[in-house]
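A.B. asks: 3D, please:
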Amino acid sequence: MVKISSKKVVSKKISNELIRCVQRVLKNAYAPYSKLSVGAALYCANGNIYTGCNVENSSYPVTMCAERIALYKAISEGERNFLLLLLYSPAVDRILPCGACLQVYAELAPDILITTMNAKKEFSFYPLHTLISKPFRLNR
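C.D. replies: Below is the predicted model:
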């Protein structure tokens, strides 16, 4: 986790730190099957940043995506107010979360802004609801 001063708007300083975080954590990815390494940085309202990288397994269903690892690390530390998720993979131009990750974020971080970056540090921004308009919900 990295601590950055709390701001409602993501400043240039915070943007640069998020970029550094995803590039740094990407080196820890374990992707021998897909050859697709992914890094994620989750920015919280209090200024904390949590990172994740994908960790594959030969039993594919137990593979874990970078964005869920970052979210689960944050949740396990008591975070509940998430502003932005930055995703990066050098192998894909502006990688997007898979359906499982979108479902998890829809429940735990429904107001998050998903941001993707390519190798040229060009960004695309997606409010979560534009990527998953009707997530699964239990009738409670």
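A.B. asks: now the closest residue to residue 117 other than its chain neighbours, which residues is it bridged with?
C.D. replies: Once flanking residues are discounted, residue 117 sits nearest to residue 88: 4.7 Å by C-beta to C-beta, 6 or more residues apart in numbering. The C-beta positions use only the backbone N, C-alpha and C, and glycine is treated the same way. Going by DSSP bridges, residue 88 is paired in beta bridges with residue 39, residue 117.
A.B. asks: tell me the contacts of residue 88?
C.D. replies: Residue 88 makes contacts with 19, 22-23, 26, 38-40, 95, 116-118, as judged by C-beta atoms under 8 Å, 6 or more residues apart in numbering.
A.B. asks: save those as a markdown table, and put in distance to residue 109, pLDDT and neighbour count too.
C.D. replies: A markdown table is the format used below for these (distance: C-beta to C-beta, whole Å; pLDDT from 0 to 100; neighbours: other C-beta atoms under 10 Å):
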| residue | distance to residue 109 | pLDDT | neighbour count |
| --- | --- | --- | --- |
| 19 | 20 | 96 | 17 |
| 22 | 17 | 97 | 25 |
| 23 | 22 | 97 | 15 |
| 26 | 21 | 97 | 20 |
| 38 | 18 | 98 | 25 |
| 39 | 18 | 98 | 28 |
| 40 | 12 | 98 | 30 |
| 95 | 18 | 97 | 20 |
| 116 | 16 | 96 | 20 |
| 117 | 19 | 96 | 24 |
| 118 | 23 | 95 | 15 |
